[in-house]
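**Q** could you work out the structure for the sequence below:
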Amino acid sequence: MTAIRKLCLAFVGLAAVSGAPALAADRPDKVSFYFAAHEDDWQLFMNPSAFQDVLDGASKTVFVHVTAGDAGLGTGQGSRKKPYYLARENGAREAIRFMADTDHEPSVRNESRAMLNAHRVFRVAYRNTVSYFLRVPDGNIKGEGFEDTGFQSLLRLHKGAMATMTAVDGSTVYRGWDDLVRTVRAIVDAERGRASLVQINVAETDQSINPDDHADHLMTAQAALDAVKDMSCVRRVSYVDYASAKLPENLNAQQRDMESSVFAVTLAGVQAFDHSTSWRHYDGSYVGRNYFRVKEPAGSCAPAASQVATAHH
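**A** The predicted model follows:
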């Protein structure tokens, strides 16, 4: 792992020690998008950046959860009282509410089915956050899919090994990779508004930096990057996922508290829907680490005059 560590440090420079909050808070005229394959990915790999964005680093923070995280169960419950995919969604929703309610009284969530690129996608708006749940089947670690959900996976869709991909709840069918990418682009277009800067937060796709990652992580990142490839004023932030477990902790005490508290709320949300969690494994492996590299947009992305006047500091 020495070579991997050198690569990560070369690209990241231990940026999270002082750079993660600064990166998140330096442009309150931006809309920040966090693309997660599963409903606990951004909490583990993209924090405290996400927390800081919700607090005051962005005018809006949007969380896009692409797969249902169903582990092959689809809408099944196993031996539990509620489906696993809904338990994982509840974990993400509670974590987002926890961040958004910092120093505030609880508010009301607005749930809807947004029509985007002719697909109905579950959308939750809460304060200055928006969450999307596309609910396509979990593709398994290597992207081979699960038998009970028809071996569907983002990787197989990307490769053309399957022509369509159906959301586990039957809400929509994506007809090829380009259809999925257009839907992701529609989400970005719908939520960015007049923001002068869009920040796209994804898993690192360079496997020399982020080796042996989950296929769903990589394909979710690829879909997001494909969706914004022709957009200007897009900052791309790429995070080390599974490989971060073999890197040293690089967050200070306050940043680690931010990350661990959000993850704890996530697990409590899963448990509230009658499903078990693995605090010890994930806390020992990933919490306390936040490695990323940043690709800034070419040219200047000046804030719009109206946004400068109303920006929250």
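**Q** buried residues, the helix ranked longest in the chain. List them.
**A** Ranked by residue count under DSSP state H, the longest helix found in the chain is helix 253-271. Within helix 253-271, the residues that count as buried by 16 or more other C-beta atoms under 10 Å are 255-256, 258-270. C-beta: built from backbone N, CA, C; applies to glycine.
**Q** residue ranges for the helices of the stretch 151-300 of the chain, please.
**A** In the stretch 151-300 of the chain, the helices defined using DSSP state H, counting those that start in this stretch lie at 154-159, 177-192, 215-227, 253-271, 279-285.
**Q** so which bits of the last one are buried?
**A** In this case it means helix 279-285. The neighbour-count check on helix 279-285 (16+ other C-beta under 10 Å) flags 282, 283 as buried.
**Q** so what does it touch, helix or strand wise?
**A** With contacts taken as 3 or more C-beta pairs under 8 Å, 6 or more residues apart in numbering; DSSP states H and E, helix 279-285 sits against helix 253-271.
**Q** could you list every helix and strand in contact with the helix it packs on?
**A** Counting contacts by 3+ C-beta pairs under 8 Å, 6+ apart, helix 253-271 is packed against helix 41-45, helix 49-52, helix 84-100, helix 279-285.
**Q** ok, which of the ones you listed comes nearest residue 184?
**A** Ranking the helices and strands packed on helix 253-271 by distance to residue 184, with C-beta to C-beta as the measure, places helix 41-45 first at 15.4 Å.
**Q** for that closest one, name the packing helices and strands.
**A** When contacts are defined as 3+ C-beta pairs under 8 Å, 6+ apart, helix 41-45 sits against strand 197-203, helix 253-271.
**Q** who wins for proximity to residue 99 among these?
**A** Per C-beta to C-beta, nearest to residue 99 of the helices and strands packed on helix 41-45: helix 253-271, 6.3 Å.
**Q** name the surrounding residues that touch the closest one.
**A** Contact partners of helix 253-271, identified using C-beta atoms under 8 Å, 6 or more residues apart in numbering, comprise 16, 20-21, 39-40, 43-44, 47-48, 50-52, 87-88, 90-95, 98-99, 249, 251, 277, 279, 282-283, 287-288, 290.
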